[in-house]
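Chemist: Whatever this is, show me its structure:
(chains A and B)
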Amino acid sequence: MIYRESGQYKTSYLNDSQIFPIKQDRYAVLAFIAFAFLAVPFIATPYFFSAILIPFLIFSLAALGLNILTGYAGQISLGTAAFMAVGAFAAYNFMLRVPGMPILLAFILGGVCASIVGIVFGLPSLRIRGFYLAASTLATQFFVVWCLTKVPWFTNYSSSGVITAQEVKILGFHFNTPEEKYLLVLAIVCVMALLAKNMVRSTVGRSWMAVRDMDVAAEVIGFKIMRTKLTAFAVSSFYCGVAGALFAYCYVGTVEPDAYNLDLSFRILFMVIIGGLGSILGSFLGAGFIVLLPIVLSYIVHVTGLPNSVTSNVELMVFGALIIFFLIVEPHGLARLWQVAKEKLRLWPFPH
Amino acid sequence: MKLKFVKALAVSAVAATTALTGALATAQEQFIPILSYRVGLYAAGGSGFFGGAIDYFNLVNANGGINGVKISWEECETEYAATRGVECYERLKKKNGGATLVEPLGTGIAYGILDRLPADKIPMTTLGYGRSDAANGQVFPYVFPLITSYWNQAAGMIKYLGDKSGGMDKLKGKKIVHLYHDSAYGREPFPVLEAYEKQLGFQLIKIPVPHPGTDQNAQWLQIRQANPDHVILWGWGVMNAVALKTAARVGFPREKMLGVWWAGSEEDTIPAGDAAKGYTTMTFNTPGNYPVIDEIRKKVYGANKGNLSDKDRIGSVYHMRGITAAMLWVEGIRNAQNKYGKGKVMTGEQVRWGLENLNVDEKRQRELGALNMFPTIKTSCQDHEGSGAVKVQVWDGKAWKAVTPNWVVGDRAMIQKMVAESSAKYAAEKKITPACLPG
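Modeler: Numbers count the residues shown, from 1 in each chain, chains lettered A, B, ... in the order given. So this is what the prediction gives:
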């Protein structure tokens, strides 16, 4: 009953093209964001910030980036972690080598560097698709990590190839505590998610989806394949680059190139698949699933009091089983599950 | 098999509940979080190391604790992943009155929590890995690369190779191949090896092996052609066994191969079978049996409290490393108690002082039942490593045997200079004013 939309008429184009056409949705989302900004900093513990919320937001952003490329433009990629690495190391070098560089600009420039790398490694997508493209993005993954360990300039000649993120300071304000970093990450993620949502509803997003669904047809109706695919690579890598920079600056602090390994790429790909391909909400749900579930599981198995050698394995097994379960129940991801629930809710309690 | 497993579950559940109620009864306990990894690629090492540490904790508790203070701990699975490790650290750091020290046994995790340590006032030990320049306690007050770092290990390797050839000057004109895991870890010794190359005049050939290193035919062909006098194997995981097998196939004598200590455990040689015979590696433990290990067998495994499921692994390389680490932590806590009050629970800050003023000499080692098991250690604010000595061991086909009767020490002055330079750079980047923390 609460989810009634009777009486909500779309009387203008503006009304019709809103992100959340249903009033209840709109208020719920606004309330949720307000809660995240205003209430969470007062109620969450430092553990929550630095071990759960910050990584969740950062991985959501990375998943969002990959979702643009894989979910919307249909180009499969295994190089997400590499783009994150480019973003992080570029931001580090901008901060190091340009005196007085504002950190937000460094994040953006890090993202831009990642976009450039993305465009270069996106070129093969013009000729190949599917699994073959996955193999060529795999090359990005290995090349970038190799390059960062091989060329000492990128890591400021650190013998171990490790960089230490500089202090995060915006307009004289230091972001030191987990709460402050959380708010910074949250703000960046909110802005970028809003941008992404609008982008996929615009011409650019529609051209991506056209190419995803059938590129020959898209070309026939007038989309330039090259431009479409490369913008998808550029925008996706930009998002991943910013996520990578945030990973270094707001989460771990000191990183080695190996932190951005193939494993991370796969994790983000799983987030997108489990969350839902081609859905902004799905990126967040998927990141939540992959980041939070192992933690929750490890708490649950811990309570049982089994020896640790057993719990570690049980944890992995349950996690794997849950992934398979969800994919069988809903192959289109958690976002689809949510959508179905919403449809039902709209008709409840009188489904014809 | 199934029944056995169910039975084991039931027994352990009962044991755990009694342990839980026991923990509630005595609140005065020294809490140490164990960021272990028992699943994944590196589970073999992780279960041995953390099993050793927990076995030693059980032994200390069975003997009445540290001046009456029992040790309590909680494990958290990191899977050797930095993100999981950071989560575990954050989860456990405030538990049970606060963590007193931490040891993640993983470079990625160590880096992930490095910046958080000073704010949380929790010391971290990194035995045999991590930042070599963290030996400078003025810049890294909360990090302790105890016993020895990668740089001292590399220096020790060259010293050993020099001694083996009959003098350091005899290395002139020789060829040394550095076969390394192509990662930050494999590149860590570059500055040391290059400095020695210049100083001693040998030819250093660096050959990378991409991760994970399951195929090394090309690299060994290159080695075969270069025909070097020594091969340094700076490997990790499956790469080590493959290197040994490939060396055997191309007929390169294993006696000329010198591995890093992460390439020197039973887990590395047993998979290579006969190919590993005669292979030498560095180590910071002297292989063998010690009174303390016998005591663990009797009091811990005898009481069915042992952490390793396979009793044959007692005293294995990783197990012994875990015991050594736990022994040094306990010594650090005991040391802190001597200053801040015997029989009291120490805070992280106090344990930090204890680790910074550690002095485990031969007399103390004998009392601990571990004479010569690891080098003597004396730490200070300037030297968080405390030793820098290493040993060489050889695999005889069944077990590791010590090659060098004495501890090998490389050019410490040179390493100290490099540590000073590198840590000064870090301090400048992070805007730290190097200073010793007051006790």
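Chemist: helix/strand/coil for residue B:178?
Modeler: Here residue B:178 is recorded as strand under DSSP: H, G, I helix; E, B strand; the rest coil.
Chemist: Burial check on it, number of neighbours?
Modeler: 24 (other CB atoms under 10 Å in any protein chain shown). Every C-beta, even on glycine, is put in place using the N, C-alpha and C of the backbone.
Chemist: these two touch, right, it and residue B:203?
Modeler: No - between residue B:178 and residue B:203 there is no contact under CB atoms under 8 Å: 11.0 Å.
Chemist: Contacts only, for residue A:149.
Modeler: Applying CB atoms under 8 Å, 6 or more residues apart in numbering or on different chains, we find residue A:149 in contact with A:161, A:257, A:258, B:182, B:183, B:184, B:187.
Chemist: you'd agree it is in a strand?
Modeler: No - under three-state DSSP, residue A:149 falls outside any strand and is assigned helix.
Chemist: If I look at it, what pLDDT would I see?
Modeler: As summarised for this prediction, residue A:149 has a pLDDT of 82.
Chemist: residues contacting residue B:123?
Modeler: B:100, B:101, B:102, B:117, B:142, B:143, B:144, B:332, B:348, B:351, B:352, B:355.
Chemist: Swap in 7 Å and give it another go.
Modeler: B:101, B:142, B:144, B:348, B:351, B:352, B:355 (CB atoms under 7 Å, 6 or more residues apart in numbering or on different chains).
Chemist: cool, residue B:379 as well?
Modeler: So residue B:379 contacts B:355, B:356, B:357, B:358, B:386 (CB under 7 Å, 6+ apart).
Chemist: Can you tell me which of the contacts of residue B:123 end up in strands?
Modeler: In strands, defined here by DSSP state E, the members of the contacts of residue B:123 are residue B:144.
Chemist: Farthest pair within the contacts of residue B:123?
Modeler: Among those, the pair separated by the greatest distance (CB to CB) is B:144 and B:348, at 12.4 Å.
Chemist: Comparing those two, which residue is more hemmed in?
Modeler: Neighbour count, other CB under 10 Å: between residue B:144 and residue B:348, residue B:144 has more, with 29 against 21.
Chemist: The more buried one contacts residue B:125, correct?
Modeler: Yes - between residue B:144 and residue B:125 there is a contact under CB atoms under 7 Å: 4.5 Å.
Chemist: hang on, the earlier thing: possible to save the contacts of residue A:149 as TSV with neighbour count and pLDDT?
Modeler: What follows is the contacts of residue A:149, written out as TSV (neighbours: other CB atoms under 10 Å in any protein chain shown; pLDDT from 0 to 100):
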residue	neighbour count	pLDDT
A:161	24	76
A:257	25	86
A:258	22	83
B:182	18	83
B:183	24	78
B:184	23	76
B:187	23	84
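Chemist: Going by distance to residue B:266, which of those residues wins?
Modeler: Nearest to residue B:266 among these, with distances taken as CB to CB, is residue B:183, at 23.4 Å.
Chemist: That closest one and residue A:161, how far apart?
Modeler: Relative to residue A:161, residue B:183 is positioned 8 Å away (CB to CB, to the nearest Å).
Chemist: thinking again about what came up before, now pLDDT too, for the contacts of residue B:123, in TSV please.
Modeler: Formatted as TSV, the contacts of residue B:123 follow (pLDDT from 0 to 100):
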residue	pLDDT
B:101	94
B:142	95
B:144	95
B:348	93
B:351	95
B:352	95
B:355	95
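Chemist: could I get the contacts of residue B:123 as TSV with distance to chain A?
Modeler: Compiled in TSV, the contacts of residue B:123 are given as follows (distance: CB to the nearest CB, whole Å):
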residue	distance to chain A
B:101	19
B:142	13
B:144	17
B:348	15
B:351	21
B:352	19
B:355	21
